[in-house]
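J.: give me the fold of what follows.
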Amino acid sequence: MSLYSTGTGRVSTGWMYGGMAVRMILEMRWHEQPDMAMMAFITPLEFEIRKRAWWLCFLFDTISSITAGRPSFVDPDEPMVDYPDDELWNSLDDDGFPTPSTPGYAAWVQQGKRGMLGITGTRVASPATGSPFTTLRMAQPSYNTLGQSLPSLYFCETAEMIVIFNRVVKYVRIHKSRRTQIGLIDDKLSTLDMQLKEFWGRLSDRARQEFQPTRFLPTGGVVEEEVLELCGNANLHLLFHSATILLHRPELTLQDFVWPTRASFDVCTHAANRIAIIAERMLAAAPLLSHFSPAVNFPLFEAGMVHLVNALVSSLIPPSPKANGQPGEPSAPTAEVMTRARRSVAVTLEALNRLRRYWASAEAYHASLSKAARENGILPV
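T.: Okay, here's the model as predicted:
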């Protein structure tokens with residue numbers, strides 16, 4: 001109901017339904033790490049489903065709150081259940097057990113040896129110690145892998161990213177007026193910036209690299225397998241780059257715009273460039289963008305606004321400090337920056353144009369960005 005409402009333009013209603021879903025999960029306590037007694041009664045599949053239900057609700061609560069301009073129902077700093085385990089999910093068979101010779105199977109065995117296996121295996125007392133956790137007789141799984149039909153990619157990383165994203169959104173809303181002062185940096189901003197950098201550094205090489213499809217079809221687009229991987233990878237990268245922009249940018253007023261510092265210009269422009277490049281890749285691989293969730297709408301809009309102010313000759317960029325430490329005069333964007341920015345505005349608008357078939361929030365972002373671009377001469381009237 002939350003997604004349906006968001007897709008039909010009732011973003012406040014979507015936010016409300018998302019909050020109801022969060023409250024239901026809180027009532028069932030699926031957001032909490034289960035104790036040993038509970039683990040004795042659930043399979044790995046059941047535990048993963050509970051985790052994924054919570055993290056999906058958290059994701060869409062965060063996205064709907066920023067789309068609707070409402071507060072999030074979740075405190076990102078409260079203790080929560082573990083992040084989803086993609087390796088385990090992709091190792092599960094149709095009965096909810098890890099398939100032998102898969103990465104998830106080895107982790108499952110180790111959990112069993114620690115007495116955390118529950119009904120996924122049978123505990124046998126050790127003849128020497130009488131301990132019920134020393135020896136383990138595994139339940140016999142089937143070999144029909146669930147992960148082949150419903151693969152999970154980048155869900156763990158996206159869940160971790162959305163926690164930081166939620167913190168950034170809350171910080172911006174609380175400290176927004178103070179942040180718009182020129183060059184102002186506080187401890188909270190520095191802490192969140194460090195969290196983003198540390199998160200990026202912890203990612204695997206596969207997750208950190210932007211996925212580039214290679215198996216294109218003669219009729220256009222790419223094979224389904226690569227579309228699914230691109231969706232997961234793009235969601236992760238778009239959230240990261242939009243959080244970076246949200247944290248470092250000032251208010252994007254289009255008249256007499258001035259970047260607070262050269263560093264904020266560099267950071268936000270780099271992030272917006274990456275989003276535009278990913279958007280081009282999305283359009284080439286899946287021209288209809290039918291696989292993408294409303295979570296990508298806000299990042300595309302944020303990047304589009306950064307490109308829009310960079311495309312205006314009236315915007316100003318602070319210079320890097322001189323050798324003697326004295327500040328120089330602000331400068332307008334170079335011709336190269338402005339040309340690239342104009343092209344990137346068109347790319348983000350085209351992506352939002354495709355997405356507005358499915359999500360009314362994309363329609364609103366597209367209308368706002370295209371109106372600003374036309375009024376400022378970036379697009380023809």
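J.: please report how far residue 241 lies from residue 315.
T.: Residue 241 sits 20 Å away from residue 315, going by CB to CB, to the nearest Å. The way it works is simple: take the backbone N, C-alpha and C, and place the C-beta from them, glycine included.
J.: cool, and residue 200?
T.: Residue 200 is 28 Å from residue 315, where distance means CB to CB.
J.: what of residue 210?
T.: On the measure of CB to CB, residue 210 and residue 315 end up 27 Å apart.
J.: number of nearby residues for the residue lying closest to residue 342 once chain neighbours are set aside?
T.: Of all residues not flanking residue 342 in the chain, residue 311 sits nearest, at 4.7 Å (CB to CB, 6 or more residues apart in numbering). Neighbour count for residue 311, taken as other CB atoms under 10 Å: 23.
J.: and what of residue 228?
T.: Residue 228 has 16 nearby residues by other CB under 10 Å.
J.: the closest residue to residue 155 other than its chain neighbours: neighbouring residues, count only.
T.: Leaving aside its chain neighbours, residue 155 sits nearest to residue 84 (4.6 Å; criterion: CB to CB, 6+ apart). Residues lying near residue 84 (other CB under 10 Å) number 23.
J.: over to residue 29?
T.: Residue 29: 13 neighbours (other CB under 10 Å).
J.: distance of it from residue 53?
T.: 12 Å.
J.: following the strand or helix carrying residue 301, which helix or strand comes up?
T.: Taking DSSP states H and E as the definition, one finds residue 301 inside helix 297-310. Sequence-wise, the next helix or strand downstream of helix 297-310 (DSSP H and E) is helix 335-355.
J.: just the residues contacting that following helix, thanks.
T.: With contact meaning CB atoms under 8 Å, 6 or more residues apart in numbering, helix 335-355 is reached by 269, 272-273, 275-276, 279-280, 282-283, 287-289, 292, 294, 296-297, 300-301, 303-304, 307-308, 310-313, 333, 362, 365-366, 369-370, 373, 378-379.
J.: buried ones only from those residues, please, as a ChimeraX command.
T.: Only the buried entries of these go into this ChimeraX selection, using 16 or more other CB atoms under 10 Å:
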select :269,272,273,275,276,279,280,282,283,289,292,294,296,297,300,301,303,304,307,308,310,311,312,333,362,365,366,369,370,373,378,379
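J.: tell me the domain ranges of this structure?
T.: 2-148, 152-375 (automatic domain parsing).
J.: count the neighbours of the nearest residue to residue 249 once chain neighbours are set aside for me.
T.: Spatial nearest neighbour of residue 249, chain neighbours left out: residue 268 (5.0 Å); criterion: CB to CB, 6+ apart. Neighbourhood size, residue 268 [other CB under 10 Å]: 27.
J.: wait, doesn't residue 268 sit right on residue 248?
T.: Yes - using CB atoms under 8 Å, residue 268 is in contact with residue 248, at 5.4 Å.
J.: so where's this protein uncertain?
T.: 107-148, 176-185, 320-328, 381 (pLDDT under 70).
J.: any chance you could map the strands in it?
T.: 121-124, 135-138 (DSSP state E).
J.: any idea how far residue 356 is from the closest residue in space to residue 238 that isn't next to it in sequence?
T.: Leaving aside its sequence neighbours, residue 238 sits nearest to residue 299 (CB to CB, 6+ apart; 3.9 Å). With distances taken as CB to CB, residue 299 is found 15 Å from residue 356.
J.: just residue 264 next, same as before
T.: 30 Å.
J.: which residues does the closest residue to residue 156 other than its chain neighbours contact?
T.: Leaving aside its chain neighbours, residue 156 sits nearest to residue 83 (4.6 Å; criterion: CB to CB, 6+ apart). Residue 83 makes contact with 51, 55, 156, 159-160, according to CB under 8 Å, 6+ apart.
J.: tell me how far residue 83 lies from residue 52.
T.: For residue 83 relative to residue 52 (CB to CB), the value is 10 Å.
J.: isn't residue 66 right up against residue 297?
T.: No - using CB under 8 Å, residue 66 is not in contact with residue 297; the gap is 10.0 Å.
J.: tell me which residues touch the residue nearest to residue 249, please.
T.: By CB under 8 Å, 6+ apart, residue 268 lies in contact with 244-245, 248-249, 259, 306.
J.: of all those, which two lie farthest apart?
T.: 244 and 259 (14.4 Å; CB to CB).
J.: separation between the residue nearest to residue 156 and residue 97?
T.: With distances taken as CB to CB, residue 83 is found 21 Å from residue 97.
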